[in-house]
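Trainee: Structure, please.
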Amino acid sequence: MDARTDRAFGAPGRQRARLGRSIVQSQLVTAATVLLLCWIVVIVQPISLQHPLFFGGLSLIFAVTGASLLVNWTETNKRWAVLLPGLDIVALSALREGQPELGSGVLLVFPIIWLARNFGFGGAIGGVGLATAFLWGSWWASGTSITVTDFPSLVLLPITLSFVATASYISGQRTASQRVLLTQQASIVESAFERARVQEDLLHEIINAVEFGVIAFDKNGTVTLVNDAHRRSLAEFGVPRSAVIHPVVYQADRVTAYSREMRPFARAVSGQSFENQTFWIGDPGSRQLAFSATSRPLTDRSGVYRGGVLVLRDITAELDAINARDSLIGSVSHELRTPLTSILGYLELALDDPQLSTETSHMINVSYRNAERLVALVSDLLLAASRADSTLPIVFESCDITEIVRQAMDGQRPAAESRSISLVEQFEPDVRVSADPLRMRQVIDNLLSNAIKYNRAGGKVTVSIALAERAVRIVVADTGLGISQSDLAQLFDRFFRTETARKGDAVGSGLGLNITRDIVRRHGGNLVVTSELGTGSNFIMTLPTESSGDTPPSIPDSEPGRSAV
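Mentor: Predicted structure coming up:
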């Protein structure tokens, strides 16, 4: 049986106990006062005890007190408790009649208060009426005429009892109202507490059901919650249950330990907000796991810091998958080099043949240059994909960007003609920039290849080159299907391919645009794209001119009616 059931079944017993105490306490007040009066009479005037009315009144008082103690008062028989103060009034009236000079009539206020407080307006009227009836009845039974000496007992005492009864009734009503209000408030508080306890239990169940670790702490850094997932990760590496965090955590190289102040928990307790801080647990050379830590400080509605929460997610499988992917890419790239090298060798031999026609020699030259670029691209793929922090080597020199773009268009023309896509040139002649010619050709090739690959059959690709305020602006515009708003936000992410590309027949790795933008930015330029579904896309590249030598002014990321990344 739980505590709530205990409380539910114990309530009637407590209520009976309170009712019995209330009745007994009210009676004991009267009995104690009369007992004190009795002791005074014994000391001062013992002969008064021999008067029948006085002795009878005393006996009745103590008999009523004994009855109040012996009766098991319940809600069923509590209405009979009204007899007790009524009998007290009879007994006190007898005491007064037996020894008028003692002034014991003033003791009538005790049963009057009892009646007024516990039996409402009827009890107050009844008690005053009964006491007044006995006072006037004793005078009427004496057969004497009213004198000035009778005025206090026959007039002032009933008026006093009336005021006492009225005050007691009002006080009792106020107390009852306050009791009801307090009961209601207690019920509301208990209900709110119960709801809070249910919500807390639900929160604990949810927190313990998730597979990532959660640590919550207050503003003083005292841990208030640790879920089961984090407890399991601690136990897995033999950390004592009393501990909250792993004693040592390592950086990305799995060997260098984080300093105490740079550990995720220390940063979180200091009030920092951060995301995806990677750390490793487990000693170097033994089994290790990687975790990603995210911290969020918690504040109240007024913005006062109240603590925070640290979330720890096991990313070991993800990192292993990335390493496996990069290893596969590296292996494939390495295997591609051998046949490409052989192709280059045979193309060189073919070019040395003096019997080649001019047209055939031109086609072999185009193939040779493309094979060379393919070797360079495979090397770049191996470098860029195998390690996320690797960068492409760039060698700057003065070059004619117009000629580079024209050569790239010549190389892509066969692919465009196979789909009846026209290539349109809008060039300014002899535009020179300080750049790596190989990397610039790689950029233009990638943009043109995408514009042709994701264009409609019979469409158009327009390449324009223009000078604008110490910058060269190169735009590759196509009439393809366009890119959705949701895909634009991730277009330059590594290995990302748009939904159109995934559903289409065109193959790709999702690395091209990422590498392309990286190359442009390392040249001090910028690459943005504007697109609209059903209309096409514009890839806009800006590079500093050879004379400027600095980064070109930033260009707007969007144009009217289009969205940009």
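Trainee: Could you use CA atoms for every contact and neighbour count after this?
Mentor: Will do.
Trainee: Tell me where the chain has strands.
Mentor: Assigned by DSSP state E, the chain shows strands spanning 213-218, 223-226, 274-281, 289-299, 305-314, 397-400, 422-426, 432-435, 460-467, 471-478, 526-532, 536-544, 563-564.
Trainee: now those strands in TSV, with distance to G66?
Mentor: What follows is these, written out as TSV (distance: least, Cα to Cα, whole Å):
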stretch	distance to G66
strand 213-218	59
strand 223-226	57
strand 274-281	76
strand 289-299	63
strand 305-314	61
strand 397-400	117
strand 422-426	117
strand 432-435	113
strand 460-467	113
strand 471-478	108
strand 526-532	98
strand 536-544	103
strand 563-564	95
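Trainee: biggest helix in the protein by residues?
Mentor: Taking DSSP state H as the criterion, the chain has its longest helix at helix 157-209.
Trainee: Now find how far off-centre that helix is within its chain.
Mentor: The chain centre lies 34 Å from the centre of helix 157-209; the measure is Cα atoms, centre = their mean, to the nearest Å.
Trainee: Just send the strands of the chain back as JSON lines, with mean pLDDT, distance to I89 and mean neighbour count too.
Mentor: Listed next are the strands of the chain as JSON lines, based on pLDDT from 0 to 100; distance: least, Cα to Cα, whole Å; neighbours: other Cα atoms under 10 Å:
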{"stretch": "strand 213-218", "mean pLDDT": "93", "distance to I89": "64", "mean neighbour count": "21"}
{"stretch": "strand 223-226", "mean pLDDT": "91", "distance to I89": "63", "mean neighbour count": "16"}
{"stretch": "strand 274-281", "mean pLDDT": "92", "distance to I89": "80", "mean neighbour count": "18"}
{"stretch": "strand 289-299", "mean pLDDT": "93", "distance to I89": "66", "mean neighbour count": "20"}
{"stretch": "strand 305-314", "mean pLDDT": "93", "distance to I89": "64", "mean neighbour count": "21"}
{"stretch": "strand 397-400", "mean pLDDT": "91", "distance to I89": "121", "mean neighbour count": "15"}
{"stretch": "strand 422-426", "mean pLDDT": "92", "distance to I89": "120", "mean neighbour count": "15"}
{"stretch": "strand 432-435", "mean pLDDT": "91", "distance to I89": "116", "mean neighbour count": "22"}
{"stretch": "strand 460-467", "mean pLDDT": "93", "distance to I89": "115", "mean neighbour count": "19"}
{"stretch": "strand 471-478", "mean pLDDT": "93", "distance to I89": "110", "mean neighbour count": "23"}
{"stretch": "strand 526-532", "mean pLDDT": "91", "distance to I89": "100", "mean neighbour count": "22"}
{"stretch": "strand 536-544", "mean pLDDT": "92", "distance to I89": "105", "mean neighbour count": "23"}
{"stretch": "strand 563-564", "mean pLDDT": "30", "distance to I89": "96", "mean neighbour count": "18"}
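Trainee: Out of those, flag the one nearest I329.
Mentor: Between I329 and the strands of the chain, the shortest gap by Cα to Cα is with strand 289-299, which sits at 22.9 Å.
Trainee: Could you check the angle that closest one makes with strand 213-218?
Mentor: Counting by axes from the mean of the first three to the mean of the last three Cα atoms, to 10 degrees, strand 289-299 lies at 30 degrees to strand 213-218.
Trainee: Show me what strand 289-299 is packed up against.
Mentor: Contacts defined by 3 or more Cα pairs under 8 Å, 6 or more residues apart in numbering; DSSP states H and E place strand 289-299 against helix 264-269, strand 274-281, strand 305-314, helix 316-351.
Trainee: In the longest one, which residues are buried?
Mentor: Spelled out, that is helix 316-351. Under the neighbour-count criterion of 16 or more other Cα atoms under 10 Å, helix 316-351 has I322, D326, S327, I329, G330, S333, R337, I343, L344, L347, A350, L351 buried.
Trainee: burial count for the closest residue to Y169 other than its chain neighbours?
Mentor: Spatially, and ignoring its direct neighbours in sequence, Y169 is nearest to A116 (4.7 Å; Cα to Cα, 6 or more residues apart in numbering). By the measure other Cα atoms under 10 Å, the count of residues near A116 is 27.
Trainee: Going forward, the N-terminal residue is numbered 40.
Mentor: Sounds good: first residue 40 from here, last item A155.
Trainee: how about A155, what does it touch?
Mentor: G161, G162, A163, I164, G166, A204, T205, S207, Y208, G211 (Cα atoms under 8 Å, 6 or more residues apart in numbering).
Trainee: Repeat the analysis, applying 10 Å as the threshold.
Mentor: By Cα atoms under 10 Å, 6 or more residues apart in numbering, the contact list for A155 reads 161-167, 203-212.
Trainee: could you flag which of the residues you listed are buried?
Mentor: Neighbour counting over the contacts of A155 (16+ other Cα under 10 Å) leaves 162-167, 203-209, 211-212 as the buried ones.
Trainee: any idea which of the residues you listed is the one closest to T317?
Mentor: T317 lies nearest to Q212 out of the buried ones among the contacts of A155, by Cα to Cα, at 68.1 Å.
Trainee: mind listing what the closest one touches?
Mentor: Residues in contact with Q212 (Cα under 10 Å, 6+ apart) are A155, R156, N157, G159, F160, A206, R218.
Trainee: Tell me the spacing between it and A455.
Mentor: For Q212, the distance to A455 equals 98 Å [Cα to Cα, to the nearest Å].
Trainee: got it, and V567?
Mentor: V567 sits 23 Å away from A455, going by Cα to Cα.
Trainee: Please apply the same query to D127.
Mentor: D127 sits 118 Å away from A455, going by Cα to Cα.
Trainee: just A155 next, same as before
Mentor: From A155 to A455 the distance is 107 Å (Cα to Cα).
Trainee: can you check A307 too?
Mentor: Remark: distance between A307 and A455 (Cα to Cα) = 56 Å.
Trainee: quick one: low-confidence ranges for this protein?
Mentor: Residue ranges of the chain with pLDDT under 70: 40-58, 87, 140, 181-182, 186-189, 369, 373, 418-431, 533-550, 586-604.
Trainee: Got the domain ranges for it?
Mentor: Taking automatic domain parsing as the reference, the chain has its domains at 42-227, 250-353, 359-425, 436-603.
Trainee: Run the chain-centre distance for the shortest one.
Mentor: The reference is to domain 359-425. Remark: domain 359-425 is offset 53 Å from the chain centroid, using Cα atoms, centre = their mean.
Trainee: With the longest one instead?
Mentor: Relative to its parent chain, domain 42-227 has a centroid offset of 61 Å by Cα atoms, centre = their mean.
Trainee: Equivalent analysis for the last one, please.
Mentor: In this view, domain 436-603 has its centroid 43 Å away from the chain centroid, taken as Cα atoms, centre = their mean.
Trainee: same deal with stretch 352-365?
Mentor: With Cα atoms, centre = their mean as the basis, stretch 352-365 stands 28 Å off its chain's centre.
Trainee: Closest one of the buried residues of helix 355-390 to T574?
Mentor: Using Cα to Cα, the buried residues of helix 355-390 come closest to T574 at I368, 34.6 Å.
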